[in-house]
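1. Only the shape, not the letters, is given here:
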């Protein structure tokens, strides 16, 4: 890390355990360059994953998706390498907006999951295991329907639906995308409560959901078709209202307004809104300790109190 | 955390992802109470491990132990729950000093491993898997000999040898215990180089090794039978010489002088000796940011420069 005063800190250590002082490394991770500029990192490598199995799965509710996640984690542990939840509204938008996609299932179930298993051993037999697992989950009433990818082309087709989300949404309209995290078990109630808020306060918007469910991370999108958004007279105010109202719901469920995307300039106000005064003081004390003159990435992540 | 100024920081979040400011939590982990007093924590629970298999394994060298570790991790992933390396010198001291222990193997191989597999599923069949795995490793010439625990009593007997180490060593003499970590692949060269240092500078001492090999964490003990230690005229100086000389070896292998046990008072001098001036400045800046009056656990972990 190049520090604000020009010093260079060498934190390049490949140790699994090092209990010899404060954990400086984690201070710079996610600091958005406001404490110094990270110029190198040590990476841990994992064996290449050679066996893969994928399924596109329909469930009737978010609690069912959670139940399936728990079963899949218990059964596959670290071999569960993707568990992406999508609302039908989001899947439908992709299927209509991206001509080279097709619905992997015949019905229009309310919630869809993209599930991937991976193993570094070529003979792990994941295809058989995922069929057996999903059959069992179907018998238990957790899974409504499922399509198993039969080859790499079908795996790519499943991922293509997931990866087309951002482009399709942008082409169709304007969405306010929220990067929420909540405790994993709170995901169903967060979505339910957020949906109520949208119905009441933003009745013309459509909700699109993509969630890395295993992380409790919900990309909750309050989306307007472009023609509708263009009729809004004060779009910046509406955007901020959506931020605040949905972030309030996340806070009610002990969640965060920024799971993975960070603060930047856009969410600086939310830091002040949702952090306690004690925590704000601590964040500012760290900033002042490393960058008292405010040289590094000014205006990002944290506003300093005027008196400072 | 209760902070030095009496403020209470509520960091009790059960989120897997939260990218909404500097990572304050990790600052307090391992800070030994020098930044504040931790009064609560959120714990992540894992399923109870019900199936278990254990083996006591002999290998002829530390590189063989590393090769076995790599194979075991590839084969068992998170089901590998213990991989403890012991030198024969340490095993022998326990077998001689603790009357209710017996050597699980008939020979006196130079390096011994306690290996444990665990799985939350009762039908995981770990006993068969560990036999199959070790047979294969034996055919490849990595494993010299192995004993598989046949029941819980034998599992307990294996662990008993490992857990008796501290008491037996204390009863037998005085040891200077070093809590080294190095990159995992550097463990063999660290032990080799440290052995050379002991032979040259502390020729009357015996080396005892217990290592959590998967963490690159080596408890390297420079041990004297009590009668020998009692003849040493300046024991505190010898202790410090052992610290410095073996910590130098660890530093040469990009290692740490405190893997897991922390600094306390005993290693405060080593912090100043091995950290760069830049890093010391950073550690002191953090301490000053939270505890400018030096109220919290004074004298531990970090000495402040007199000018501060």
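-> Structure's in. What do you need? Just so you know, these numbers come straight off a predicted model, no measurement behind them. Residues are numbered from 1 along each chain as shown, chains lettered A, B, ... in the order given.

2. So for chain A, the centremost residue is which one?
-> Closest residue to the average C-alpha location of chain A: residue A:217 at 4.2 Å, with C-alpha atoms, centre = their mean.

3. ok, and the closest non-adjacent residue to it?
-> Residue nearest to residue A:217 in three dimensions, not counting chain neighbours: residue A:259, with 4.3 Å by C-beta to C-beta, 6 or more residues apart in numbering or on different chains. Placement of C-beta: from N, CA and C, glycine included.

4. need the contact list for the one you found.
-> Counting by C-beta atoms under 8 Å, 6 or more residues apart in numbering or on different chains, residue A:259 makes contact with A:179, A:180, A:181, A:215, A:216, A:217, A:218, B:15, B:17, B:18, B:19.

5. returning to what we had before: is it true that the residue nearest to the centre of chain A touches residue A:183?
-> No. At 11.3 Å, residue A:217 does not count as touching residue A:183 under the criterion of C-beta atoms under 8 Å.

6. Please, where are all the strands along the stretch 51-200 of chain A?
-> Residue ranges of the strands in the stretch 51-200 of chain A, as given by DSSP state E, counting those that start in this stretch, are A:51-59, A:80-87, A:111-119, A:145-148, A:173-181.

7. now the residue nearest to the centre of chain A, which residues is it bridged with?
-> Here residue A:217 shows beta-bridge partners residue A:181, residue A:212, assigned using DSSP bridges.

8. Tell me who's in contact with it.
-> A:179, A:180, A:181, A:211, A:259, A:260, B:16, B:17.

9. Just give the number of residues close to the fourth one.
-> The number of residues packed around residue A:211, counting by other C-beta atoms under 10 Å in any protein chain shown, is 26.

10. And it, how far from residue B:158?
-> In this view, residue A:211 and residue B:158 are 44 Å apart by C-beta to C-beta, to the nearest Å.

11. on that earlier part again, may I see the strands of the stretch 51-200 of chain A organised as CSV, with mean neighbour count and mean pLDDT added?
-> Formatted as CSV, the strands of the stretch 51-200 of chain A follow (neighbours: other C-beta atoms under 10 Å in any protein chain shown; pLDDT from 0 to 100):
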stretch, mean neighbour count, mean pLDDT
strand A:51-59, 23, 97
strand A:80-87, 20, 98
strand A:111-119, 22, 97
strand A:145-148, 18, 98
strand A:173-181, 21, 97
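
12. Among these, which comes closest to residue B:110?
-> Checking those against residue B:110 by C-beta to C-beta gives strand A:111-119 as the closest, at 34.8 Å.

13. So residue A:129 is in contact with residue A:119, correct?
-> No. Taking C-beta under 8 Å as the definition, residue A:129 is not a contact partner of residue A:119, at 9.4 Å.

14. Let me have the contacts of residue A:259 in TSV, extended by distance to residue B:34.
-> Shown next, in TSV, are the contacts of residue A:259 (distance: C-beta to C-beta, whole Å):
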residue	distance to residue B:34
A:179	34
A:180	35
A:181	30
A:215	32
A:216	32
A:217	33
A:218	37
B:15	26
B:17	28
B:18	24
B:19	27
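
15. from the residues you listed, which is closest to residue A:77?
-> Among the contacts of residue A:259, and counting by C-beta to C-beta, the member closest to residue A:77 is residue A:215, at 16.0 Å.

16. what's around that closest one, how many residues?
-> Residue A:215: 16 surrounding residues under other C-beta under 10 Å.

17. what's the closest non-adjacent residue to it?
-> Using C-beta to C-beta, 6+ apart and skipping the chain neighbours, the partner closest in space to residue A:215 is residue B:16 (4.6 Å).

18. so where's the stretch 201-308 of chain A uncertain?
-> Within the stretch 201-308 of chain A, the segments meeting pLDDT under 70 span A:305-308.

19. How about the residues of it by chain B?
-> Proximity of the stretch 201-308 of chain A to chain B is confined to A:214-217, A:254-263, A:267, A:270-271, A:274-276, A:278-279, A:281-283, A:285-290, A:301-302 under the rule C-beta under 8 Å from any C-beta of the partner chain.

20. where along the stretch 201-308 of chain A do the helices fall?
-> Along the stretch 201-308 of chain A, counting by DSSP state H, counting those that start in this stretch, helices occupy A:226-229, A:235-252, A:268-274, A:277-290.

21. what two of the contacts of residue A:259 are the furthest from one another?
-> Taking every pair in the contacts of residue A:259 and measuring C-beta to C-beta, the maximum separation is 14.1 Å, between A:218 and B:19.

22. Which one's more surrounded, these two?
-> Each of residue A:218 and residue B:19 has its neighbours counted (other C-beta under 10 Å); residue A:218 has more, 27 against 21.

23. From what I see, the more buried one and residue A:177 are in contact.
-> No. Assessed by C-beta under 8 Å, residue A:218 is found out of contact with residue A:177, at 10.6 Å.

24. Neighbours of residue A:121, how many?
-> Neighbours around residue A:121, by other C-beta under 10 Å: 14.

25. residues contacting it?
-> Per C-beta under 8 Å, 6+ apart, neighbours of residue A:121: A:50, A:51, B:74.

26. And for residue A:50?
-> Residues in contact with residue A:50 (C-beta under 8 Å, 6+ apart) are A:119, A:120, A:121, A:122.

27. so which of the contacts of residue A:259 would you say is closest to residue B:141?
-> Using C-beta to C-beta, residue A:215 is the member of those that lies nearest residue B:141, at 43.1 Å.

28. Distance of the closest one relative to residue A:69?
-> On the measure of C-beta to C-beta, residue A:215 and residue A:69 end up 11 Å apart.

29. Mutual contacts of the two, please.
-> Shared contacts of residue A:215 and residue A:69, defined by C-beta under 8 Å, 6+ apart, comprise residue A:184.

30. Can you point out the buried residues in stretch A:214-225?
-> For stretch A:214-225, the neighbour count (16 or more other C-beta atoms under 10 Å in any protein chain shown) marks A:214, A:215, A:216, A:217, A:218, A:219, A:220, A:221, A:222, A:223, A:224 as buried.

31. quick one: that stretch to chain centroid distance?
-> With C-alpha atoms, centre = their mean, to the nearest Å as the basis, stretch A:214-225 stands 8 Å off its chain's centre.

32. Over to stretch A:51-59?
-> Centre to centre, stretch against its chain (C-alpha atoms, centre = their mean), the figure for stretch A:51-59 is 19 Å.

33. One more: stretch A:167-174?
-> Worked out by C-alpha atoms, centre = their mean, stretch A:167-174 lies 18 Å from the chain centre.

34. Name the residues of it that are buried.
-> Across stretch A:167-174, burial judged by 16+ other C-beta under 10 Å covers A:168, A:169, A:172, A:173, A:174.

35. which one of those is nearest chain B?
-> residue A:169 (21.4 Å; C-beta to the nearest C-beta).

36. From chain B, how far off is the closest residue to the closest one other than its chain neighbours?
-> Leaving out its chain neighbours, the residue that sits closest to residue A:169 by C-beta to C-beta, 6+ apart is residue A:175, at 5.3 Å. Noted for residue A:175: a distance of 20 Å to chain B, by C-beta to the nearest C-beta, to the nearest Å.

37. Could you check how far residue A:36 is from residue A:290?
-> Per C-beta to C-beta, residue A:36 is found 7 Å from residue A:290.

38. Residue A:108 is in contact with residue A:145, correct?
-> No. Contact criterion C-beta under 8 Å: residue A:145 and residue A:108 do not qualify, at 10.6 Å.

39. now the residue nearest to residue A:97 when sequence neighbours are not counted: how far from residue A:246?
-> Computed as C-beta to C-beta, 6+ apart, the closest residue to residue A:97 that is not its neighbour in sequence is residue A:168, at 4.0 Å. Distance of residue A:168 to residue A:246, computed by C-beta to C-beta: 21 Å.

40. what's the neighbour count on residue A:255?
-> Residue A:255: 25 neighbours (other C-beta under 10 Å).

41. For it, what are phi and psi?
-> In terms of degrees, to the nearest 10, the main-chain angles of residue A:255 are phi -100, psi -170.

42. That one contacts residue A:179, correct?
-> No. Counting by C-beta under 8 Å, residue A:255 does not reach residue A:179; the two are 10.6 Å apart.

43. Show me what from the stretch 1-150 of chain A comes close to chain B.
-> Within reach of chain B by C-beta under 8 Å from any C-beta, the stretch 1-150 of chain A has these residues: A:3, A:7-11, A:13-24, A:26-27, A:29-31, A:35, A:47, A:74, A:77-79, A:120-121.
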